[in-house]
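[1] A structural model of the following input is requested.
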Amino acid sequence: MLASQRRSVILELVQESGAVKVSDLVERLGVSDMTIRRDIERLSGDGLLERVHGGALALDGTRSSDEPGFSAKSRLQLAQKLAIGRAAARHVEAGSSIGISAGTTTYELARAVKDVPDLTVVTNSVPVAQLLHDSGTPGQTVVLTGGVRTPSDALVGPVAVAALRSLHVDILFLGAHGVEGRTGLTTPNLVEAETNRALVESARRVCLLADSSKWGTVGLSTFADLADVDLFVTDAAFPERAREAVREMVGSLEIAEA
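    As a prediction, this is how the structure comes out:
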């Protein structure tokens, strides 16, 4: 298959499903990981799709935000997110209060704890709030912050921040667009960064949920340092060198097996 034909197939798959993973394209097209990444980079440079770590996303037609939609992001690194969510759920106790930030990995944590009774959940995620509301678990209370809704279905801005400043949770389960030793936890959305800072300040303990593809990614705005994290749950593909660096900065590193 010629390079131009291969790129046409990639673009068609992205447009059909909204998102594709590099690993799936490697298997389907029978070429190397590096070849697929170069193809995605070329298509991204031509303005035909959005390149993200681990794959590619379809464009929304307006490109008004650098933040991909919740549905598209949820298809990437799904096995890792499931494993991370289940591992983190073991730290949730009945009768406790927890915070859950917006994100597709934190959504899997919410799915894993939806049947925990007498749980109070504070969240700025519309999908998380809907999931927990629909579960109907006895004694479970969901507090949804107000705010302006982003493409990733997070509620952000002054209303969300004001609500969070009056709340206190036992443990916060926090997602991030990117994680890096020097820049810490980052997001491309400045307003979401401010809301995430308020979430961190509301928590006695902070648990970061981030799959291995997030390591080395740096968004526009830092909202927390790695030193602010008490527990970091990631997947088995997290680089060994990075594990050593993280262990020096966070309280505990936990590897979730998919």
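[2] all contacts plus neighbour counts: C-alpha atoms, from now on.
    OK.
[3] how's the protein carved up into domains?
    Structurally, the chain divides into domains by automatic domain parsing as follows: 3-64, 78-256.
[4] can you tell me which of the ones you listed the model trusts least?
    For the domains of the chain, the weakest mean pLDDT is recorded on domain 3-64, namely a mean of 82.
[5] Would you map the helices across the stretch 101-250 of the chain?
    104-113, 126-135, 158-164, 190-201, 240-249 (DSSP state H, counting those that start in this stretch).
[6] Now tabulate those helices in TSV and tack on mean neighbour count and distance to V26.
    Rendered in TSV, the data for the helices of the stretch 101-250 of the chain read as follows (neighbours: other Cα atoms under 10 Å; distance: least, Cα to Cα, whole Å):
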stretch	mean neighbour count	distance to V26
helix 104-113	24	24
helix 126-135	17	31
helix 158-164	19	42
helix 190-201	22	34
helix 240-249	13	24
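[7] between those, which gets nearest to S221?
    Taking Cα to Cα as the criterion, S221 comes closest to helix 190-201 out of these, the separation being 6.0 Å.
[8] So what touches the closest one?
    Residues external to helix 190-201 that are found in contact with it (Cα atoms under 8 Å, 6 or more residues apart in numbering): 99, 101, 154-157, 160-161, 164-165, 172, 186-187, 206, 220-224.
[9] Let's have the helices of the stretch 101-250 of the chain in TSV, adding distance to V148.
    Below are those laid out as TSV (distance: least, Cα to Cα, whole Å):
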stretch	distance to V148
helix 104-113	18
helix 126-135	11
helix 158-164	8
helix 190-201	9
helix 240-249	33
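[10] ok, back up a step: and among the domains of the chain, the most buried is which?
    Highest mean neighbour count among these (mean count of other Cα atoms under 10 Å): domain 78-256, with a mean of 20.
[11] could you dump stretch 247-258 to PDB, C-alpha only?
    What follows is the C-alpha trace of stretch 247-258 in PDB, where atoms were taken according to Å, rounded to 0.1, in the frame of the first residue of the first chain:
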ATOM      1  CA  ARG A 247       8.800   7.700  43.500                       C
ATOM      2  CA  GLU A 248      11.100  10.600  44.600                       C
ATOM      3  CA  MET A 249       8.300  13.100  44.300                       C
ATOM      4  CA  VAL A 250       5.000  11.400  45.200                       C
ATOM      5  CA  GLY A 251       3.900   9.700  48.300                       C
ATOM      6  CA  SER A 252       3.300   6.300  46.600                       C
ATOM      7  CA  LEU A 253       3.300   4.900  43.100                       C
ATOM      8  CA  GLU A 254       0.900   2.100  42.200                       C
ATOM      9  CA  ILE A 255       1.000   0.100  38.900                       C
ATOM     10  CA  ALA A 256      -2.300  -1.300  37.700                       C
ATOM     11  CA  GLU A 257      -2.200  -4.400  35.600                       C
ATOM     12  CA  ALA A 258      -4.600  -4.400  32.700                       C
END
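[12] Excluding its own residues, what touches it? List them.
    In this structure, residues lying in contact with stretch 247-258 by Cα under 8 Å, 6+ apart are 79-80, 82-84, 87, 226-236, 243, 246.
[13] and if you look at stretch 47-59?
    Residues lying outside stretch 47-59 but in contact with it, judged by Cα under 8 Å, 6+ apart, are 11, 14-15, 18-23, 40-41, 43-44, 68, 72-73, 76-77, 213-214.
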